[in-house]
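Participant: Got a sequence here, can you build the structure:
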Amino acid sequence: MKRLWLYSCLLLVAMTGLASAQITFDFTGAGARAEGMGRAYFGIADDASSITWNPAGLVSHDKPILGFSYVTAKPHGTFQEAGANGTEFKVNESFGNFAYLAFVSPVRIRGHQFVLAASYSQTSEDFLYGYFEQRDTNRAHDVLPTETYKYQALGSTEYHANPYVINFGFGTPVSEKIDIGVSLNVYTGKSVLRNRIDQASYEYEAIDRLLQEVDRDSSQAILDSTSFSGVNFTLAGKYKKDKLSIGAVVRTGFSLKTMADRKLSDSIWYNGQLKSGNTLYLDDQLTKYNIPWIFGVGFGYQMSENWLLALDAEYRGYASTKAKVRTSIKIGSGGNNEEIFTEIDPMFYDCFVVRTGTEYLLKLNSSIFPIVPLRAGVAYVPLPTPQLMVDSSTEKMTMYQLTAGTGVRWSQIWLDLSYVYTTYDQKTETVYNGLLEKGTVYNRAHRLNLTFTGYF
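Facilitator: Prediction:
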């Protein structure tokens, strides 16, 4: 009995760990044009999405602009365990949502040009959908070592996180070739994690049941709802001369707060009769991550009138990140409460991100399709979140993205479509009954982004 309960807990913890490791802390910008070019946009940014990438790129506009995106995503993949217990995850899900809305307006203040902008955009989309089953597995009995019993388990995990950011900023020229920009970034969003394991066994029960055969069923579940919040600034510059453009971006450090409400439930039945049921609520679980300063630089080069190349490099010093977990609250007189935090090291890694892409404009001289852009790109994105092994060591994960894009440009309306294929693998380790069980999660995802940009 205890072993079954322990195994259930291990499975739930393992599944929860898989979902938690999906948080990428990848605070990138928005827009299908940028995505189609591998998100290499620091040095290129020149549309409404510039506020989310490099606000200095806003300076190129002399008319109001409205932009918005709709995104559909389809994660898929498998979990394969290097053992004989038949554990397998099957990922197959799809969803869509509005991922970006921006407005840009140029103004003059005392004769000096400013371009103001505001946006609401999705910074990343983290998800894990999985299913596993173990059927007709023979297990040793706790009381009678020579006996075995049939055991089966069905489990599922669902995790989906939508971090968003609200940007307010401006760009302004400081010389003929140099522009600067600043934005205030307010982070928000929510994640929901659902884990469930249902177990059934036909076994010899404990001695106090006179060794009679009984059917034992159990169900354990975790529901975790977490909200995000934080504020920081983006400081940016852009240099342009002839065919070359260079963008520099600095995102200031900030405290990313996560507030989690968790519900853990457990029920056990014997021969279809409920024996026990417990529910534990853990609300207002506050954790603060000190996100470091992030530095990025991007280059754009106009190979010809119609052909553009782009390259971005970004340093994210996440190894310095610490997490503070609120463990208790001292209630004082007059409402002067004191929060008690415990600092932990999440063992994050430093990340050096590289993105590159290209765009070629097909000028068809057609009234229906006057200009059709063709885009492609690739991104190398090491993830800061570690894979924790049973010996307390950690291993790195790296995400790769292949992108493509197209669209159509009219004089005042641009429609852009991008496709992003994301892949990364994730190792798992669990010790059960003295045996080390290893597995790998093969995460794959398809993403389509349709962006409308209107110049007025």
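Participant: wouldn't Asn195 be in contact with Ile222 here?
Facilitator: Yes. Between Asn195 and Ile222 there is a contact at 4.4 Å, judged by CB atoms under 8 Å. Glycine gets a C-beta too; all of them are placed from N, C-alpha and C.
Participant: Looking at those two, which is more packed in?
Facilitator: Taking other CB atoms under 10 Å, Asn195 and Ile222 do not tie; Asn195 has more neighbours (24 against 20).
Participant: Secondary structure element holding the more buried one?
Facilitator: Here Asn195, judged by DSSP states H and E, is contained in strand 178-204.
Participant: for that strand, which positions count as buried?
Facilitator: If you call a residue buried by 16 or more other CB atoms under 10 Å, then strand 178-204 has these buried ones: 179-181, 183, 185, 187, 189, 191, 193-201, 203-204.
Participant: what's the answer for stretch 329-347, then?
Facilitator: In stretch 329-347, counting by 16+ other CB under 10 Å, buried: Pro346.
Participant: what is the rounded mean pLDDT of it?
Facilitator: Mean pLDDT, computed over stretch 329-347, is 84.
Participant: Quick check: end-to-end length of it?
Facilitator: 26 Å (CA to CA, to the nearest Å).
Participant: what does stretch 314-331 give?
Facilitator: 44 Å.
Participant: outside of that stretch, which residues touch it?
Facilitator: 25, 42, 285-297, 337-346, 348-355, 384 (CB atoms under 8 Å, 6 or more residues apart in numbering).
Participant: where's Leu402, which helix or strand?
Facilitator: Assigned by DSSP H and E, Leu402 falls in strand 394-409.
Participant: Give the partner strands of the next helix or strand after that strand in its sheet and their orientations.
Facilitator: Once the chain leaves strand 394-409, the next helix or strand it forms, by DSSP H and E, is strand 413-432. Using DSSP bridges, the strands paired with strand 413-432 in its sheet are strand 394-409 (antiparallel), strand 435-455 (antiparallel).
Participant: Of all those, which one comes closest to Ala313?
Facilitator: strand 394-409 (15.3 Å; CB to CB).
Participant: With just CA atoms, put the closest one into CSV.
Facilitator: C-alpha atoms of strand 394-409 as CSV (Å, rounded to 0.1, in the frame of the first residue of the first chain):
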residue,chain,number,x,y,z
THR,A,394,21.9,19.1,-13.7
GLU,A,395,22.0,19.0,-17.4
LYS,A,396,21.4,21.7,-20.0
MET,A,397,18.5,21.9,-22.5
THR,A,398,18.7,23.6,-25.8
MET,A,399,15.8,24.7,-28.0
TYR,A,400,16.1,25.0,-31.8
GLN,A,401,13.7,26.9,-34.0
LEU,A,402,13.3,26.7,-37.8
THR,A,403,11.1,29.5,-39.3
ALA,A,404,9.6,30.5,-42.6
GLY,A,405,7.3,33.3,-43.6
THR,A,406,5.6,35.1,-46.4
GLY,A,407,2.8,37.6,-46.9
VAL,A,408,1.7,40.4,-49.2
ARG,A,409,2.4,44.2,-49.1
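Participant: Identify the residue nearest the geometric centre of this protein.
Facilitator: Centroid-nearest residue in the chain: Asp126, 3.0 Å away (criterion: CA atoms, centre = their mean).
Participant: which residues does Val107 form a beta bridge with?
Facilitator: Beta-bridge pairing for Val107 (DSSP bridges): Phe114.
Participant: An error on my part: the question was meant for Tyr270.
Facilitator: Here Tyr270, judged by DSSP bridges, has bridge partners Arg216, Gln273.
Participant: again, but for Lys330
Facilitator: Those that pair with Lys330 in a beta bridge, by DSSP bridges, are Glu338.
Participant: Would you check how far apart it and Gly317 are?
Facilitator: Noted for Lys330: a distance of 34 Å to Gly317, by CB to CB, to the nearest Å.
Participant: Identify the spatial nearest neighbour of Tyr419, chain neighbours not counted.
Facilitator: Nearest residue to Tyr419, sequence neighbours excluded (CB to CB, 6 or more residues apart in numbering): Ala404, at 5.0 Å.
Participant: contacting residues around stretch 411-420?
Facilitator: Residues outside stretch 411-420 that contact it (CB under 8 Å, 6+ apart): 31-33, 35-36, 47, 373, 375, 401-409, 445-456.
Participant: list the buried ones in stretch 314-325?
Facilitator: Buried residues in stretch 314-325, defined by neighbour count with 16+ other CB under 10 Å: Glu314, Arg316, Gly317, Tyr318, Thr321, Ala323, Lys324.
Participant: And for the fourth one, nearest residue in space, chain neighbours not counted?
Facilitator: By that I understand Tyr318. Nearest non-adjacent residue to Tyr318, counting by CB to CB, 6+ apart: Pro384, 3.6 Å away.
Participant: Give me the sheet partners of the helix or strand hosting the one you found and which way each runs.
Facilitator: Using DSSP H and E, Pro384 sits within strand 371-388. Strand 371-388 has its sheet partners listed here by DSSP bridges as strand 351-363 (antiparallel), strand 394-409 (antiparallel).
Participant: Now do the shortest one: distance to the chain's middle.
Facilitator: Okay, so that is strand 351-363. Averaging C-alpha positions (CA atoms, centre = their mean, to the nearest Å) puts strand 351-363 22 Å from its chain's average.
Participant: My guess is Thr279 contacts Ser265. True?
Facilitator: Yes. The pair Thr279 / Ser265 is scored as a contact, 4.6 Å apart, by CB under 8 Å.
Participant: With neighbour numbers in mind, choose between these two.
Facilitator: Shown here are Thr279 and Ser265; by other CB under 10 Å, Ser265 has more neighbours (15 against 10).
Participant: ok, the more buried one to Lys275 distance?
Facilitator: Distance, Ser265 to Lys275, by CB to CB: 15 Å.
Participant: Next: Tyr315.
Facilitator: 56 Å.
Participant: sorry, back to before: the strands paired with strand 371-388: lowest mean pLDDT?
Facilitator: Across the strands paired with strand 371-388, the lowest-scoring stretch is strand 394-409, with a mean of 93.
Participant: Could you list the buried residues of it?
Facilitator: For strand 394-409, the neighbour count (16+ other CB under 10 Å) marks Met397, Met399, Gln401, Thr403, Ala404, Gly405, Thr406, Gly407, Val408, Arg409 as buried.
Participant: Pull up the gap between Asp261 and Val115, please.
Facilitator: 41 Å.
Participant: Likewise for Val297?
Facilitator: 22 Å.
Participant: And these two? Which one has more around it.
Facilitator: Higher neighbour count among Val297 and Val115: Val115, with 27 against 17, using other CB under 10 Å.
Participant: Sketch out the low-pLDDT regions of the stretch 101-250 of the chain for me.
Facilitator: For the stretch 101-250 of the chain, the stretches with pLDDT under 70 are 129-151, 201-213.
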